[in-house]
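Visitor: I'll drop the sequence and a predicted model, then ask my questions.
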Amino acid sequence: MSAVFEKIVSDLQARIKSEELDEKMKAYYDNLSPSEIEEEHAWGKLGEAALASLKEQEEKELEGERAPRRHLGSSGDSR
């Protein structure tokens with residue numbers, strides 16, 4: 001029974017911490033100046049572009065792994 005109680009307390013503490021963090025983030029973003037908002041937007045666009053590039057690179061690497069491979073110097077002849 002105490003394990004159940006500890007789980008309930010732990011879940012409540014986690015929820016409280018999460019709500020506190022949400023409030024702090026909201027206050028932070030609500031108090032940004034227009035120039036800070038523009039800067040945040042620019043950083044977001046940069047991050048978005050970097051992630052898109054990384055995803056594209058990973059997809060190309062996966063395609064390369066799926067392509068049939070040839071052995072150099074082998075003509076398929078069994079002489």
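Guide: Looks like it arrived, so ask away.
Visitor: what about the residue nearest the centre of the chain, which helix or strand?
Guide: Nearest residue to the geometric centre of the chain (CA atoms, centre = their mean): residue 51, 8.4 Å. Assigned by DSSP states H and E, residue 51 belongs to helix 34-66.
Visitor: so what's the gap between that helix and the chain middle?
Guide: Its chain's average C-alpha position is 10 Å from that of helix 34-66, according to CA atoms, centre = their mean, to the nearest Å.
Visitor: mind checking the pLDDT average for that helix?
Guide: For helix 34-66, mean pLDDT rounds to 94.
Visitor: report all helices and strands that that helix contacts.
Guide: In terms of contacts (3 or more CB pairs under 8 Å, 6 or more residues apart in numbering; DSSP states H and E), helix 34-66 is not packed against any helix or strand. To be clear about C-beta, it is placed using only N, CA and C from the backbone, and glycine gets the same treatment.
Visitor: buried residues, it. List them.
Guide: Residues of helix 34-66 include none that count as buried (16 or more other CB atoms under 10 Å).
Visitor: what's the spacing between the residue nearest to the centre of the chain and residue 13?
Guide: Here the criterion is CB to CB, to the nearest Å. By it, residue 51 lies 33 Å from residue 13.
Visitor: go on, residue 29?
Guide: Counting by CB to CB - residue 29 and residue 13 are separated by 25 Å.
Visitor: do the same with residue 26
Guide: Going from residue 26 to residue 13 by CB to CB gives 20 Å.
Visitor: helix, strand or coil: sort out residue 9 for me.
Guide: helix (DSSP: H, G, I helix; E, B strand; the rest coil).
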